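Enquirer: Sequence first, then the predicted structure, then my questions.
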Amino acid sequence: MKKLFLLSFILALVAIGCKKDNTLNSNLSGSWEFRGAACYCTPATDPNAAKPGNGNILTFAGNGYKRYVKNALQKSGTYTISVITSGGETRNRISFSSDTAYIPPNVKIEGAKMTFYGDVPAAADGLELYYEKIK
């Protein structure tokens, strides 16, 4: 009986973990346009870089992505999402097959807003990038 309970508990944990990952993937699908950044770094020199219609877009479909800068395709490839726990906090970590230098590794989606953030908070020189879903 104890083995059956333990097996049921483990299967429930796996199902919960998979559900969270699948929910993020389904919310990620579509096109997202850049809306700004936060950090204690040099500010952007282009005043229009974060305005609607700026053409700085990330699109996600299935396990593939495309990055456009001013409506010109810059990068494309695949991505994976993994769930990690660090310091008691659960995060969704995103890995891009062909782009590791630009986007911080963690991602969260709240409604039509997506934030990429690093392990260091913006207030401590970490970078946060903000996107809004456009379709």
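Expert: Looks like it arrived, so ask away. None of the values given here were measured: they were computed from a predicted structure.

Enquirer: who does residue 94 bridge with?
Expert: residue 81 (DSSP bridges).

Enquirer: er, residue 129 actually
Expert: residue 37, residue 116.

Enquirer: Give me the pLDDT value at it.
Expert: Residue 129 is assigned 90 on the pLDDT scale.

Enquirer: got the contact list for it?
Expert: 34, 36, 37, 103, 104, 115, 116, 117 (CB atoms under 8 Å, 6 or more residues apart in numbering). Where C-beta positions appear, they are placed from N, C-alpha and C, glycine not excepted.

Enquirer: let's see 10 Å
Expert: 34-39, 56, 58, 102-104, 107, 114-118 (CB atoms under 10 Å, 6 or more residues apart in numbering).

Enquirer: Now the buried members of those residues.
Expert: Buried members of the contacts of residue 129, counted by 16 or more other CB atoms under 10 Å: 34-35, 37, 39, 56, 58, 103-104, 107, 114-118.

Enquirer: Just the closest of these to residue 135, please.
Expert: residue 58 (12.0 Å; CB to CB).

Enquirer: Which helix or strand contains the closest one?
Expert: Assigned by DSSP states H and E, residue 58 belongs to strand 57-61.

Enquirer: For residue 108, which residues are in contact?
Expert: 24, 27, 91, 92, 114, 115, 116, 117.

Enquirer: if we can go back for a sec, quick one: contacts of the strand holding residue 58?
Expert: 25, 27-34, 65-71, 73, 75-76, 79, 94, 96, 99, 103, 114, 116, 129, 131, 134-135.

Enquirer: Just give the number of residues close to residue 94.
Expert: 19 (other CB atoms under 10 Å).

Enquirer: whoops, I mixed them up, residue 92
Expert: Neighbours of residue 92 (other CB under 10 Å): 19.
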